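S.K.: here are the coordinates; sequence isn't available:
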Ligand SMILES: NC(=O)c1ccc[n+]([C@@H]2O[C@H](COP(=O)([O-])OP(=O)(O)OC[C@H]3O[C@@H](n4cnc5c(N)ncnc54)[C@H](OP(=O)(O)O)[C@@H]3O)[C@@H](O)[C@H]2O)c1
């Protein structure tokens with residue numbers, strides 16, 4: 001396998017690029033213009049909301065299977081660009097068949113497996129595929145979209161069993177990964193990021209009791225995250241940070 005060079009030409013990778021926060025990040029990085037290429041990785045083709053005419057945008061289709069994740073990582077490596085920002089924005093809270101559980105009586109094993117698959121297994125596949133290619137990287141950051149509800153300390157309401165526990169599991173996975181990355185790819189910082197309640201498909205059924213000032217636009221969250229990732233340094237640690245850059249207790 002080739003190694004990603006720490007050269008001057010850099011790229012940003014947004015995984016889950018068709019989602020609300022993912023697509024806002026693609027727009028933000030293209031607007032900033034400080035990287036040569038923005039790789040947008042998604043299960044679906046691009047929509048008109050992203051700047052398709054921008055030649056710095058490369059849209060890579062990926063169904064999130066292990067095989068296709070590896071193929072996409074090979075393609076990223078073969079670009080020869082330094083992958084300075086990799087942001088994994090995949091996540092599942094609800095869909096036509098899945099509703100977050102308010103009580104134990106509502107647990108559905110198939111729904112639970114599906115939520116764990118998207119929230120834990122998919123990011124895990126990316127972290128596993130990237131560790132070797134990033135071994136000589138310097139100043140790179142991998143940020144994974146987690147959620148404050150994955151904090152065990154912060155859990156005062158209960159409920160949302162699958163989503164909460166999949167995000168707690170994601171955080172534990174990232175903690176172990178940060179220890180292995182510090183050995184094998186020490187120039188990479190790992191961040192577990194809580195965006196705050198953001199106006200996207202994922203939060204849309206649950207916004208009724210959210211005050212308007214507490215419901216963020218995807219563009220606001222993208223701007224916060226981009227700035228935050230410019231401030232963190234590779235320190236061999238996993239940071240669990242919210243949109244304001246404040247540490248969240250585990
Ligand atoms: N919105 C909020 O209030 C909020 C709050 C806390 C945390 N978060 C977290 O932020 C992240 C981004 O969420 P969002 O609000 O932008 O949600 P979103 O608009 O629903 O986007 C989620 C993206 O996840 C990917 N995805 C969904 N199902 C998948 C599957 N079965 N297999 C593979 N990928 C799948 C899709 O990306 P592609 O279609 O591009 O493949 C989808 O667009 C998630 O991890 C979420 O848990 C959001």
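M.R.: It's in. Not measured: the values here are computed from a predicted model. Numbers count the residues shown, from 1 in each chain.

S.K.: C-alpha only now, for contacts and for neighbours.
M.R.: OK.

S.K.: need the helices for this structure, in chain order.
M.R.: Under the criterion DSSP state H, the chain contains helices at 20-32, 66-78, 109-116, 122-130, 161-184, 218-231.

S.K.: which among those is found nearest to the ligand?
M.R.: Proximity to the ligand (CA to the nearest ligand atom) singles out helix 20-32 among the helices of the chain, at 3.7 Å.

S.K.: residues in contact with that closest one?
M.R.: The contact list for helix 20-32 (CA atoms under 8 Å, 6 or more residues apart in numbering) reads 12, 14-17, 35, 38, 40, 49-51, 54, 56-57, 89, 199-201, 218-219, 221-223, 226.

S.K.: out of those, which are inside strands?
M.R.: Judged by DSSP state E, strands contain the following of the contacts of helix 20-32: 12, 14-15, 38, 40, 57.

S.K.: save the residues you listed as JSON lines, and put in neighbour count, pLDDT and distance to residue 64 too.
M.R.: As requested, these are arranged in JSON lines below (neighbours: other CA atoms under 10 Å; pLDDT from 0 to 100; distance: CA to CA, whole Å):
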{"residue": "12", "neighbour count": "26", "pLDDT": "97", "distance to residue 64": "18"}
{"residue": "14", "neighbour count": "27", "pLDDT": "98", "distance to residue 64": "13"}
{"residue": "15", "neighbour count": "28", "pLDDT": "98", "distance to residue 64": "10"}
{"residue": "38", "neighbour count": "26", "pLDDT": "97", "distance to residue 64": "19"}
{"residue": "40", "neighbour count": "26", "pLDDT": "97", "distance to residue 64": "13"}
{"residue": "57", "neighbour count": "21", "pLDDT": "95", "distance to residue 64": "20"}
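
S.K.: which two in the residues you listed are spaced the farthest apart?
M.R.: Pairwise distances across these peak at 13.1 Å for 15 and 57 (criterion: CA to CA).

S.K.: around the ligand, which positions in the protein sit nearby?
M.R.: Contact residues, the chain versus the ligand (CA under 6 Å from any ligand atom): 16-22, 42-44, 64, 89-92, 118, 145-147, 194-203.

S.K.: can you say which of the residues you listed are buried?
M.R.: Buried by 16 or more other CA atoms under 10 Å: 16-22, 42, 64, 89-92, 118, 145-147, 194-200, 202-203, out of the residues of the chain next to the ligand.

S.K.: which neighbours do residue 15 and residue 57 have in common?
M.R.: Taking CA under 8 Å, 6+ apart as the contact rule, the neighbours common to residue 15 and residue 57 are residue 40.

S.K.: give me the low-pLDDT residue ranges for the protein?
M.R.: Across the chain, the stretches falling below the confidence threshold (pLDDT under 70) are 1-8, 48-51.

S.K.: who's in contact with residue 125?
M.R.: Taking CA under 8 Å, 6+ apart, one finds 66, 69 in contact with residue 125.

S.K.: swap in 10 Å and give it another go.
M.R.: Contacts for residue 125 were tallied using CA atoms under 10 Å, 6 or more residues apart in numbering; they are 64-67, 69-70.

S.K.: what sits closest to residue 115 if chain neighbours are left out?
M.R.: What sits nearest to residue 115 in space, not counting adjacent residues and going by CA to CA, 6 or more residues apart in numbering, is residue 92, at 5.8 Å.
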